[in-house]
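Asks: Output the structure for:
(one chain, ligands or ions: 2)
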Amino acid sequence: MQHNEEETRRAVAAARTVVVKVGSSSLTQPSGHLDVDKLEALAGALAQVHMLGGHVVLVSSGAIAAGFGPLGFESRPTDVATQQAAASVGQGLLMAQYELAFARYGIRVGQLLITAEDTMQPRQYRNARRTIGRLLELGVLPIVNENDALASNEIRFGDNDRLSALIANMVRADALVLLTDVDALYTAPPSKPGSQRIGFVPDVAAMIDGIQVGGSDSGVGTGGMVTKLEAARMASVSGIPAVMTCAPNAGPALMGDAVGTAFAPVRQRGSARRLWIKFASHPQGVLVVDAGAAAAVRGGRASLLAAGVVEVRGDFAAGDAVWIDDEDGNHLARGLVGFDSEEIPDMLGRTTAQLRRILGEEYAHPVVHRDNLVLV
Ligand SMILES: Nc1ncnc2c1ncn2[C@@H]1O[C@H](COP(=O)(O)OP(=O)(O)O)[C@@H](O)[C@H]1O
Ligand SMILES: N[C@@H](CCC(=O)OP(=O)(O)O)C(=O)O
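Replies: Ligands and ions are numbered 1, 2, ... in the order given. Purely as a prediction, here's the structure:
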């Protein structure tokens, strides 16, 4: 599958389900306070799609930006605890404005606060997917943000760009639209003289190295262009076309006009939850595997059995993410492990039949099931 720009834009315009991500900088005034006019303009553009029968999921940042002013801070706080407090105040303010803005079009909104690390667990993943699906069936416009108050620093995504790509993959969206404060991707940060606008990226994974990307200049955003390109790549390998542009271009971008930068999908639709394991997991330990197990894991379809594990490192609980390494220390895969780290030493090298006989039925399972394993 190789999409050209026209096909990519057309696919965005024809999308039945679209995930739209808006950054803090597109919802705030230079002072950092929430800019209600900007928020209303965005709601107007999304309402058009909704009223034409499209399903829109909005991933909105802005909780921290909306909360720090009312708490009396002059600029965005830099320590995590104050950011979390600001998010807790700001999230309610943000949703109140969205409710008002969408109510003008008779559209009801629903809030989902997601912790990416938790949502890759099968049950939470299914629940989040089912809730968003049901909201869409009920004609509600779901608004997603990271659960800033809960996510600790280590597991926090911090930016919503990659979260929006994971959500697009989860809801099997037909398009992802990333709205920010620059009109397009440039060959270098736009403040640099001579940087050129890029209208179309046929293969984002292949071009990432050729672009100079910088962090956020806005003072309120977090990820800058790095995480936006990462999000575009995640969408692209999930078979989802993406467009990145500035928030005032939301309407034209959603209609397939040639604004911003379009990113072609490079694959067929991929599996869903495994993308979360790949991008949202923070491995807590390592399982070192022998050559036979390494070959099986590399083959892509096998579960990791205790028989092939030679060593376990780290302190983790069943359900945590771990690295699967070969004996030379190369990372082969990431996976959600089925056992606590203390349970695994007694299992090492044993076949499933031996595990059943010696340790009992509850140990006669793969250490990492193939559904929970993703190659790196
Ligand atoms: N190559 C590039 N092309 C476009 N913008 C870039 C590039 N490198 C860095 N940037 C910066 O990324 C910023 C957008 O990221 P960010 O401030 O995190 O926005 P948001 O709050 O929308 O997530 C832009 O303001 C721009 O200055
Ligand atoms: N969850 C945070 C998002 C952090 C953030 O600023 O993200 P972004 O503006 O998308 O780079 C918030 O709502 O403030």
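Asks: CA atoms for contacts and neighbours, from now on please.
Replies: OK.
Asks: measure Ile64 to Leu39 for me?
Replies: From Ile64 over to Leu39 the distance is 15 Å, taken as CA to CA, to the nearest Å.
Asks: can you check Ile132 too?
Replies: In terms of CA to CA, Ile132 sits 22 Å off from Leu39.
Asks: The two: who's more crowded?
Replies: Set Ile132 next to Leu39 and count neighbours by other CA atoms under 10 Å: Ile132 wins out with 24 against 20.
Asks: quick one: contacts of the host helix or strand of that one?
Replies: Here Ile132 sits within helix 122-137, counting by DSSP states H and E. Here helix 122-137 makes contact (CA atoms under 8 Å, 6 or more residues apart in numbering) with 55-56, 110, 118-119, 141-142, 170-171, 273.
Asks: Go through these and flag which are in strands.
Replies: 55-56, 110, 141-142 (DSSP state E).
Asks: Name the residues of the helix holding Ile132 that are buried.
Replies: By 16 or more other CA atoms under 10 Å, the buried positions in helix 122-137 come out as 125, 128-129, 132-133, 135-136.
Asks: same check, this time on stretch 92-106
Replies: Result for stretch 92-106 [16+ other CA under 10 Å]: buried residues 93-95, 97-102.
Asks: Let me see the mean pLDDT of it.
Replies: The predicted model assigns stretch 92-106 a mean pLDDT of 97.
Asks: for the stretch 251-376 of the chain, what spans make up the helices?
Replies: 273-280, 291-299, 352-359 (DSSP state H, counting those that start in this stretch).
Asks: For this structure, which residues score under the pLDDT cut-off?
Replies: 1, 151-156, 158, 208-210, 214-223, 268-271 (pLDDT under 70).
Asks: How is it partitioned into domains?
Replies: By the assignment in automatic domain parsing, the chain contains the domains 5-275, 283-375.
Asks: to the chain's geometric centre, what's the distance from the longest one?
Replies: It refers to domain 5-275. Centroid separation for domain 5-275 versus its chain: 9 Å, with CA atoms, centre = their mean, to the nearest Å.
Asks: just the last one next, same as before
Replies: Relative to the centre of its chain, domain 283-375 is centred 26 Å away, using CA atoms, centre = their mean.
Asks: tally of neighbours for Ser24?
Replies: Ser24 is flanked by 27 other residues according to other CA under 10 Å.
Asks: so it makes contact with Gly62?
Replies: Yes: between Ser24 and Gly62 there is a contact under CA atoms under 8 Å: 4.3 Å.
Asks: and the most centrally placed residue in the chain, what element?
Replies: Taking CA atoms, centre = their mean, the centroid of the chain lies closest to Leu163, which sits 2.2 Å from it. In this assignment (DSSP H and E), Leu163 forms part of helix 161-170.
Asks: I'd like the next helix or strand past that helix.
Replies: Following helix 161-170 in sequence order, the next helix or strand is strand 175-180 (DSSP H and E).
Asks: Show me what that following strand is packed up against.
Replies: For strand 175-180, the packing partners by 3 or more CA pairs under 8 Å, 6 or more residues apart in numbering; DSSP states H and E come out as helix 5-13, strand 17-22, helix 161-170, strand 242-246, helix 250-254.
Asks: I'd like the ones you listed as JSON lines, with distance to ligand 1 appended.
Replies: Converted to JSON lines, the helices and strands packed on strand 175-180 look like this (distance: least, CA to the nearest ligand atom, whole Å):
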{"stretch": "helix 5-13", "distance to ligand 1": "19"}
{"stretch": "strand 17-22", "distance to ligand 1": "6"}
{"stretch": "helix 161-170", "distance to ligand 1": "7"}
{"stretch": "strand 242-246", "distance to ligand 1": "8"}
{"stretch": "helix 250-254", "distance to ligand 1": "13"}
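Asks: Dump the ones you listed into TSV; add distance to Ala188 as well.
Replies: Listed next are the helices and strands packed on strand 175-180 as TSV, based on distance: least, CA to CA, whole Å:
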stretch	distance to Ala188
helix 5-13	21
strand 17-22	22
helix 161-170	19
strand 242-246	15
helix 250-254	22
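Asks: Would you tell me which of those gets closest to Val367?
Replies: Among the helices and strands packed on strand 175-180, helix 161-170 comes nearest to Val367, with 25.3 Å by CA to CA.
Asks: List of residues touching that closest one?
Replies: Contacts of helix 161-170 (CA under 8 Å, 6+ apart): 18-21, 59, 116, 129, 146, 157, 174-176, 178, 223, 227-228, 230-232, 234-235, 238, 240, 272-273, 275-276.
Asks: Check which residues of that helix are buried.
Replies: Buried residues in helix 161-170, counting neighbours by 16+ other CA under 10 Å, are found at 161-170.
Asks: Out of those, give me the two with the largest separation.
Replies: So, the buried residues of helix 161-170 by CA to CA: farthest apart are Asp161 and Met170, at 14.4 Å.
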